[in-house]
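Undergrad: Quick check, what structure comes out for this input:
(2 chains)
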Amino acid sequence: MTNHWVDVKNADVILIMGSNAAENHPISFKWVTAAIEKGAKLISVDPRFTRTSSKAHLYAPIRPGTDIAFLGGMVKYILDNELYDKYYVLKYTNAAHLIKPDYAFHDGVFSGYNEEKRTYDKSSWGYQVDEETGIPKRDETLQDPQCVLNLLKKHYERYDLETVSQITGTPVEKLQAVYELYGSTGKPDKVATMMYAMGWTQHTVGTQMIRTATLVQSLLGNMGKAGGGINALRGEANVQGSTDQALLFHILPGYLGYPVATDKTLADYIARITPTTKDPLSANWKQNQPKYVVSLLKAWYGENATAENEFGFHWLSKNGGNYSWMSLFEQMYAGNVKGMMVFGQNPAVSSANSNMIRKAINKLDWLVVSNLWSVETANCWQAEGFDPADVQTEVFLLPAAASFEKQGSVTNSSRLVQWRYKAQEPLGEAKPDSWIINQLMLRLREMYKAEGGPNAEGILALNWNYGEDEPDVELVTRMLNGYYVKDVLDDKGNVVGKAGEQVKNFTALKDDGSTACTNWIYSGVWPQEGNMAARVDNVDDHPAGIGQYGKWGWAWPLNRRIIYNRASVDENGKPFDPKRWVIQWDPKANDGKGGWIGDVPDGGYPPLSTPEKGKLPFIMQPEGYARLFGMGLADGPFPEHYEPYESPVDNVLHPDIPINPVTKVFADEINPRGDRSKYPIIATTYRVTEHWQSGAMTRHIPWLLELQPEMFVEMSEELAAELGVRGGDKVIVESARGEVEGVAIVTKRFKPMQVAGQTVHVVGMPWHWGFMGMRMLEPGGPGTGDSANAVTVFMGDANTMIPESKALLCQVRKA
Amino acid sequence: MTEVALLLDVSKCTGCRACQVACKQWNDLPAETTANRGTYENPPDLSFSTRTRIRFLEYERAEGLAWYFFNQRCLHCTDAACVNSCEPQALKHNEMGFVSYEPGLCIGCGYCAETCPFGIPRLSETGIIFPDTRKMNKCDFCADRTTNGLQPACAKACPTGAITFGERAEMIAKGKARVEELIANGYTDANFYGENEMGGLHQMYVLPEKPSVFGLPENPQARPLVKAPELPVSVGTAVVGAAVGGLLALRARGMKKKTHE
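TA: Model prediction:
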């Protein structure tokens, strides 16, 4: 979230799209309801009329996978009707920047496309740079045809209401109503927020769906303001925390890029990941990355990290390939992976194309599953369709402690780090995952010491001293904050930090090895004063009453509750919205030197207009502006509508380029593609309030199973009539990859859609059920069923490789 | 003691059913074995082990589809037919206004269920060895909580403020104000239910549609005991049953009189 849960109450308009927040984030509706009580309007855009839609003032149906077309149409509507915030767009976005003349977009592809490799050479996606100053060129009159605003207009001129309606299946009048209502917030004192979740991420164009949202929010001036922003509703209590700590293959903690083989030295690596600018108005905060990298290495390798050995940089592995979820299972399926350790996950149910996943798991030599229950993943050998005698995998089940049986922090969607205490000792032999990992590391270290092995030196050099039993999680958190390794002096020789003391935050980190920090964005969570995450002062400490609660827990970065908040004020530091201001410049503060009041500002620099010291608001971009034209993604500087991998219709905009031209297409054996002639119905997947994820934690709780006892398939009355199905009948949903049985829920909440001149049906299913029974001891019995992932596609987003579980083709028949 | 009430605002409910689970959890009620019957709604009815449940209602309005989540449970009447028909006084008015229930006193006669205008009380299965162990169950307003300064479990669990607890007068004012808002937002049939029904309810509704849409009677009346009560049949209890039946007949007459007043 750029903003936070409580802040939703400040919005004038709330768009929930790609999310069914009332269902999957029920508590969020405390704040949605609070906003509505103050007069806010709620818009719900969803293929199905959901629990969220039931509370909306305006509901618009949408065909799964067409959100870019829907929002692209909104971009056009905002531009055509000049609803955008002109001051904000001109001053704070790259609307006026001039793009290189060789940038182009024709027939569905951007300039630089290599069809064979399915990649782009992105060199033409860049700014024209003034040769003298080295600063990107801007035309503030917005007349130059190469300026971003004009290229944006040109790109979306195809997205008129009729065309968008043809693609999305949303009636024109509904599109218009949504655009008009949402577009009404382009005024400085109006604000709208967007809440999204897996409905945007689980597509081959997922990242670009979110990019389209950023276009809308930037045009309307809704970023940085209270009640604005783009808010990713994270699907698990601590998934934000796990992403921050880099439980992904392509980043180091704090979103530092991962070293690659061409980084021959630490200096090479730092140069590659650290952007530069020549614009004195740009803060370019990422110029500080060398300090974060060196402090990270210093924390990881301790005394063994020295300037001479480049702080142990050469002990880090170098990323040589794509180790994302799907690629890992592709390799496992091919028999190239010997063993797997699975913590708190249940891929045999939760992963797209679960039949293939189960086959892949059954090819392992060994499998360690750490979980509260004996979940399906640990029992793939006895899944339907496998003969246990054929499966040679040795399975180790480690009983894990539950969240209330251990202490530590959780980071929620608001980037809010909150401390949890242990409520009781783990049952039986259960241990926290951190205990298991600590023991594993301690034993591996002994083995490397005795026997050696690849990179033994690096493993033995690790500064791993968290204790012999359960690791000291307070120490882990103090290391996240960072500390002085030796006394640090200022220019005049005064001691600013003493060896062994905690740094106050990341502004104190150094690139010379005098500080250590395992995650720069968490720096500030545990300064010398103590554990900020443990604070529970339930008071709104913002003068405007915007629900800041700044002394409840601690939010990264620097306890800033609304990021990009320098975009909530004009160039003189005056809030655009005086009632719901986030920060403002008070010339009387700091003994007359001036200072910001309110939230922690996005960089302490004075307002933009301050001579020599003022900075642009978007400090994480090297140019300092919000990017309407974005050159960072793999699949284009402007989002473009591509059809899902499996679609019932041609791409109306460019029939020859139907799907995302750069997304990886997996081999037919692991991802057979369904043809619309055999599989004419769209299927989408989702969760329900009553169950959680793969159901491991909820299917065995009788009270929850009572509410949602069985796998189900929702469909329209019209489709049910065609199929001869009545509510309560068992039906089978079949795709090119498998089939799944569920009880038909025949509902008015799904309606057939008119798409590109034809009638299209959509069915929806949850993925909470698996083959292990209620007590997770043996297959079968209450709570048993199968997951919607039996039918989902094994294709991912071009940037994140998140599988496209939200849009696929199927056929449905009566069981 | 101040008169209290729960306000059930249908327009704010998202149907998450935290109330259903919280009710079972706090009151130690077992889960039922259910099946998906082609709806999210479950269990299919109130029962001896289900005191509250959300009914899911797809309703077509002129402006488009609505999906309502209606909380079905005991409404704690002032002129409570169940209290009037409960000879052993297992059902009584608490001084805070709600209808409390003492299971130890219940003889399982079922008169409460028979007379309730909202069809709420549910009886357990008749015991095989001890037939007269049959008992009634219904919402008891979490009396163990509310008489100790806590709000009922359902209100505590509700994330959106669809269930709120407080002084009855306050709840009436709040509910009526909410109805005005709904009317102003195009829900022209919105109404407040429970201020005067059955002498005043202690669980009152903000309804976005007419009461009948949710199966609520427009003018609820205690239902008379029209037939001989189906008492537990066994040799041992027949005599007691006859005696109680006689008493209840008297009681029912008294009640009828009261209704006419």
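Undergrad: I'd like the distance between the closest residue to chain A within the stretch 1-150 of chain B and B:C158.
TA: Per Cβ to the nearest Cβ, B:G38 is where the stretch 1-150 of chain B lies closest to chain A, at 2.7 Å. Any C-beta I mention is one placed from the backbone N, CA and C, and that applies to glycine too. Going from B:G38 to B:C158 by Cβ to Cβ, to the nearest Å gives 27 Å.
Undergrad: where does the residue in the stretch 551-700 of chain A that chain B sits nearest to land in three-state SS?
TA: The minimum distance from the stretch 551-700 of chain A to chain B, using Cβ to the nearest Cβ, falls at A:T689 (4.8 Å). Per DSSP: H, G, I helix; E, B strand; the rest coil, the secondary structure class of A:T689 is coil.
Undergrad: I'd guessed it sits against A:N20; true?
TA: No: using Cβ atoms under 8 Å, A:T689 is not in contact with A:N20; the gap is 9.2 Å.
Undergrad: ok, back up a step: the residue of the stretch 551-700 of chain A closest to chain B - how many residues pack around it?
TA: 21 (other Cβ atoms under 10 Å in any protein chain shown).
Undergrad: pretty sure A:H641 contacts A:G72?
TA: Yes: with contact defined as Cβ under 8 Å, A:H641 reaches A:G72; the gap is 6.4 Å.
Undergrad: which stretches of the stretch 151-261 of chain B form helices?
TA: B:153-157, B:168-184, B:235-260 (DSSP state H, counting those that start in this stretch).
Undergrad: Which of those has the lowest mean pLDDT?
TA: Within these, confidence is poorest for helix B:235-260, with a mean of 44 (mean pLDDT).
Undergrad: Quick check: residues of the stretch 601-750 of chain A near chain B?
TA: Counting by Cβ under 8 Å from any Cβ of the partner chain, the residues of the stretch 601-750 of chain A close to chain B are A:688-690, A:702-710, A:712, A:726-729, A:743-749.
Undergrad: longest strand anywhere in chain A?
TA: Longest strand in chain A, counting residues (DSSP state E): strand A:738-747.
Undergrad: hey, C-alpha coordinates of that strand in PDB?
TA: Once non-C-alpha atoms are left out, strand A:738-747 reads as follows in PDB (Å, rounded to 0.1, in the frame of the first residue of the first chain):
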ATOM      1  CA  GLY A 738      -7.300 -31.100 -15.700                       C
ATOM      2  CA  GLU A 739     -10.800 -31.200 -14.200                       C
ATOM      3  CA  VAL A 740     -12.300 -30.400 -10.900                       C
ATOM      4  CA  GLU A 741     -15.700 -31.200  -9.400                       C
ATOM      5  CA  GLY A 742     -17.800 -28.900  -7.300                       C
ATOM      6  CA  VAL A 743     -21.400 -28.000  -6.300                       C
ATOM      7  CA  ALA A 744     -23.100 -25.600  -8.700                       C
ATOM      8  CA  ILE A 745     -24.200 -22.300  -7.300                       C
ATOM      9  CA  VAL A 746     -26.500 -20.900  -9.800                       C
ATOM     10  CA  THR A 747     -26.700 -17.200  -9.300                       C
END
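Undergrad: For it, buried residues please.
TA: A:G738, A:E739, A:V740, A:E741, A:G742, A:V743, A:A744, A:I745, A:V746, A:T747 (16 or more other Cβ atoms under 10 Å in any protein chain shown).
Undergrad: same check, this time on stretch A:770-790
TA: By neighbour count on 16+ other Cβ under 10 Å, the buried set for stretch A:770-790 is A:770-773, A:776, A:782-790.
Undergrad: Can you get me a residue count around A:P648?
TA: Close neighbours of A:P648, defined as other Cβ under 10 Å, add up to 22.
Undergrad: Go ahead and confirm it touches A:V760.
TA: Yes: if you go by Cβ under 8 Å, A:P648 and A:V760 touch, sitting 5.3 Å apart.
Undergrad: intersection of neighbour lists for the two?
TA: Taking Cβ atoms under 8 Å, 6 or more residues apart in numbering or on different chains as the criterion, A:P648 and A:V760 both touch A:I681, A:I682.
Undergrad: any common contacting residues for A:T689 and A:N20?
TA: Common neighbours of A:T689 and A:N20 (Cβ under 8 Å, 6+ apart) are A:R51.
Undergrad: Quick check: A:A499 vs chain B, distance?
TA: A:A499 sits 48 Å away from chain B, taking Cβ to the nearest Cβ, to the nearest Å as the criterion.
Undergrad: My guess is that residue contacts A:V485. True?
TA: Yes: using Cβ under 8 Å, A:A499 is in contact with A:V485, at 6.4 Å.
Undergrad: Looking at the two, which is more packed in?
TA: A:V485 (21 against 12).
Undergrad: residues touching A:G796, list them.
TA: Residues in contact with A:G796 (Cβ under 8 Å, 6+ apart) are A:T204, A:S324, A:W325, A:M326, A:T663, A:K664, A:I802, A:P803, A:E804.
Undergrad: Sort out which of the residues you listed are in helices and list them.
TA: Judged by DSSP state H, the contacts of A:G796 include A:W325, A:M326 as members of helices.
Undergrad: got the contacts of A:G796 as TSV, with pLDDT columns?
TA: Listed next are these as TSV, based on pLDDT from 0 to 100:
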residue	pLDDT
A:T204	98
A:S324	93
A:W325	94
A:M326	95
A:T663	96
A:K664	94
A:I802	95
A:P803	97
A:E804	97
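Undergrad: What is the nearest of the contacts of A:G796 to A:W556?
TA: A:I802 (22.7 Å; Cβ to Cβ).
Undergrad: Provide a list of residues in contact with the nearest residue to the closest one once chain neighbours are set aside.
TA: Once flanking residues are discounted, A:I802 sits nearest to A:T201: 5.1 Å by Cβ to Cβ, 6 or more residues apart in numbering or on different chains. A:T201 sits next to A:G18, A:T207, A:M209, A:I210, A:D797, A:T800, A:I802 when contact means Cβ under 8 Å, 6+ apart.
Undergrad: Looking at these, point me to the pair that's furthest apart.
TA: A:G18 and A:T800 (14.1 Å).
Undergrad: These two - which one has more neighbours?
TA: In terms of neighbours (other Cβ under 10 Å), A:G18 is the more surrounded of A:G18 and A:T800; the figures are 26 against 18.
Undergrad: Give the phi and psi angles for the more buried one, as a check.
TA: phi 70, psi 20 (degrees, to the nearest 10).
Undergrad: Show the pLDDT at it.
TA: pLDDT, A:G18: 98.
Undergrad: Verify the stated contact: it with A:I230.
TA: No: taking contacts as Cβ under 8 Å, A:G18 lies outside contact range of A:I230: 10.9 Å.
Undergrad: Give me the common contacts of these two.
TA: A:Y196.
Undergrad: for chain A, what are the nearby residues on chain B?
TA: Checking chain B against chain A by Cβ under 8 Å from any Cβ, the hits are B:12, B:14-18, B:20-21, B:24-25, B:30-40, B:42-43, B:58, B:60, B:64-69, B:159-161, B:185.
Undergrad: So which of these belong to helices?
TA: Under the assignment DSSP H, these contribute B:A18, B:Q20, B:V21, B:K24, B:Q25 to helices.
Undergrad: Most neighbours among those, which one?
TA: Most neighbours among those, by other Cβ under 10 Å: B:Q20, with 27 neighbours.
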